[in-house]
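*Asks:* Here you go, sequence then predicted model.
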Amino acid sequence: MEDDDEEVKKIEQAKMKEMTRKVIEKEEKQYFDKPITVTDATFKDTVQNNAAVVVDCWASWCGPCRMIGPIVEELAKDYCGKILFGKLNVDENCEVSTEYQVMSIPTLLVFKDGKLVDRIVGAMPRPMLEQRITRCI
């Protein structure tokens, strides 16, 4: 009987630790009002650990990427806490570019709950871009 009591206590302690960990993680969740830098190394965690993520695949030499950059910055600020925006330099991060077959830039990869739900290729005005992103999220 004592062994059963000890086992129950161990289970209760383990459950309590797990619940506490989840509460702490939820409280420590950071919200960013500007795009974060995403790399091959951080991509998977970024997409899987956030409910809604938009990754802007870009390069410094790309004119349309420079046009869309300020729009992505504005959207990150406006949707802070709802959508996480990230920027992935395709010249420095070939693994993600290859995996998601990014052939033209800018390309925005839209993820919901870790799954790719849309791919937006090319520069466009903010209202069009915002509509494409928000309808998926």
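*Replies:* Sure thing, it's come through. Numbers count the residues shown, from 1 in each chain.

*Asks:* Please report the number of neighbouring residues for the closest residue to residue 114 other than its chain neighbours.
*Replies:* Nearest residue to residue 114 in three dimensions, chain neighbours excluded: residue 48, at 4.6 Å (CB to CB, 6 or more residues apart in numbering). Every residue, glycine included, has its C-beta placed from N, CA and C. Residue 48 has 12 neighbouring residues, counting by other CB atoms under 10 Å.

*Asks:* Next, give phi and psi for residue 48.
*Replies:* Dihedral angles of residue 48 (phi, psi; degrees, to the nearest 10) stand at phi -80, psi -30.

*Asks:* was I right about it contacting residue 115?
*Replies:* No - applying CB atoms under 8 Å, one finds residue 48 not in contact with residue 115, separated by 9.7 Å.

*Asks:* Now residue 109: which helix or strand?
*Replies:* Secondary structure assignment for residue 109, by DSSP states H and E: strand 107-112.

*Asks:* same for that strand, what does it pack against?
*Replies:* Counting contacts by 3 or more CB pairs under 8 Å, 6 or more residues apart in numbering; DSSP states H and E, strand 107-112 packs against strand 52-58, strand 115-121, helix 126-136.

*Asks:* Starting from it, tell me which strands it pairs with and how they run.
*Replies:* If you go by DSSP bridges, strand 107-112 pairs up with strand 52-58 (antiparallel), strand 115-121 (antiparallel).

*Asks:* So residue 61: helix, strand or coil?
*Replies:* coil (DSSP: H, G, I helix; E, B strand; the rest coil).
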